[in-house]
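Student: Sequence and predicted structure are below.
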Amino acid sequence: MKIGINARFLAYPFTGIGQYTLNLLRALGKVDPPDGRAGKKNEYLLFTPELVDLQLPENFKQVRIPEKEYKSPSFRKAHWEHILVPREIEKWGVELAHFLYPSNPKKSLKIPTIVTVHDVIPWVLPAYRKQIRSRIYSAYTKLALKKADHVITVSNFSKEEIKRVLKVEEKNIHVTYLAPPMYEKDKVAPPNLPLRRKFLLYVGGYDDRKNVPRLMEAYQKFIANHYEIDLILVGGKGRDLEEWITDEYCERVAGRFQVKPKGKIIFTEPLPSNELTVLYKQATALVHVSTYEGFNLPLVESMANGLPIIASDIPVNHEVTAENAHFISPDSVDSVGIGIHEFLNNKTLQRELKKNGRERSKDFSWKKCAEETLYVYNLFT
């Protein structure tokens, strides 16, 4: 079977969809090798706007589809997804199409169409529909998803949300958990960072639902002046987050005694998996206080590296960790700060989460994700 995949996010490996795309394709390359090895006959065409250096078996072929040079980046992207990719799918005689994020065209492709929907964030959070083009794009993709033959999603929580918001029938949804990124263990390297003290670690995005400014304020109010422990925000450099580092406390006691915080906030560039793994192994805890997630991959990465987790008390975090986290309310600076404080003062809890998290992490693998994706493909053969 000739399978066409929208692999656009191979060009953006530091994003969540980029990690999903990269690791799923690598895993598919191992469980579905070329004809002559285990008798497999699938051929994969990976449609990308730019070719990426990626070692895959010979039955995987990248097909470059250059974007048209429109002034608007969002229009370039939409045109590429909904006009150029479908055109190439028809040209190459693709027999099954898989879109690794909601980007299938509203017009039926007349072949089995599978779409991975990681979450329903564009349709339930108003912050993602502020601009008119965002509202149009969200409305279009919602209509297009009704043309999909099957939906893959990444958690049971997202499955229920897709049923509720997008009105997709349960029989047409399949859950495939994500897993920690695959990398060559002999290429693990420490990042170029001043790691002089213990540190708390944040890994993830920086849009509003991630709640990072509240985390920063909570750290400054409850942690920095009382514990010799830093807070590292991976990928936080250049995002204008410095405005959330205030001198309020210093001003309040100015003239009485010098204030020297014991810990500080460190911003980094986005880090590759081999460097990020070093931070996971050395940190005291991952702190993640987002208000909405579809899966939350950093939790799985942390558990795989034996890193205890402080996480917001939201349904998907309970599902992913199987209760192996210290859950805190993400709703206020005080609830976040006090929750971190309680964790740091409970060594027994830290040891238990480290041990139990490692055990839970065994439930996640890209091999399993690829096999379950193949299972969905085979529903249409």
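Tutor: Looks like it came in fine.
Student: What segments of the stretch 1-150 of the chain are strands?
Tutor: 2-6, 43-48, 60-64, 96-99, 113-116, 150-153 (DSSP state E, counting those that start in this stretch).
Student: okay, these in CSV with mean neighbour count and distance to Arg196 next?
Tutor: Glycine gets a C-beta too; all of them are placed from N, C-alpha and C. Converted to CSV, the strands of the stretch 1-150 of the chain look like this (neighbours: other C-beta atoms under 10 Å; distance: least, C-beta to C-beta, whole Å):
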stretch, mean neighbour count, distance to Arg196
strand 2-6, 23, 44
strand 43-48, 22, 41
strand 60-64, 16, 43
strand 96-99, 24, 46
strand 113-116, 24, 41
strand 150-153, 22, 42
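Student: out of the ones you listed, which comes closest to Pro126?
Tutor: Ranking the strands of the stretch 1-150 of the chain by proximity to Pro126 (C-beta to C-beta) places strand 150-153 first, at 22.0 Å.
Student: Could you confirm Gly238 falls within a strand?
Tutor: No - the assignment for Gly238, made by DSSP: H, G, I helix; E, B strand; the rest coil, is coil rather than a strand.
Student: want to try a markdown table for the strands of the stretch 1-150 of the chain, with mean pLDDT and distance to Val165 as columns?
Tutor: Formatted as a markdown table, the strands of the stretch 1-150 of the chain follow (pLDDT from 0 to 100; distance: least, C-beta to C-beta, whole Å):
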| stretch | mean pLDDT | distance to Val165 |
| --- | --- | --- |
| strand 2-6 | 98 | 22 |
| strand 43-48 | 97 | 27 |
| strand 60-64 | 97 | 33 |
| strand 96-99 | 98 | 18 |
| strand 113-116 | 98 | 14 |
| strand 150-153 | 98 | 12 |
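Student: Of those, which is nearest Pro181?
Tutor: strand 113-116 (17.0 Å).
Student: And that closest one, what does it pack against?
Tutor: Judged by 3 or more C-beta pairs under 8 Å, 6 or more residues apart in numbering; DSSP states H and E, the packing partners of strand 113-116 are strand 96-99, strand 150-153.
Student: Could you chop the chain up by domain?
Tutor: 2-179+365-378, 185-361 (automatic domain parsing).
Student: what mean pLDDT does the last one have?
Tutor: Mean pLDDT, taken over the full extent of domain 185-361, equals 89.
Student: got it, and stretch 165-172?
Tutor: Mean predicted confidence for stretch 165-172 is 95.
Student: Please report how far the nearest residue to Ser290 once chain neighbours are set aside lies from Ile17.
Tutor: Distances taken as C-beta to C-beta, 6 or more residues apart in numbering place Lys210 nearest to Ser290, at 4.8 Å, with adjacent residues excluded. Lys210 sits 16 Å away from Ile17, going by C-beta to C-beta, to the nearest Å.
Student: Redo the helices and strands packed on strand 113-116 as TSV? Include distance to Asp119.
Tutor: Formatted as TSV, the helices and strands packed on strand 113-116 follow (distance: least, C-beta to C-beta, whole Å):
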stretch	distance to Asp119
strand 96-99	15
strand 150-153	8
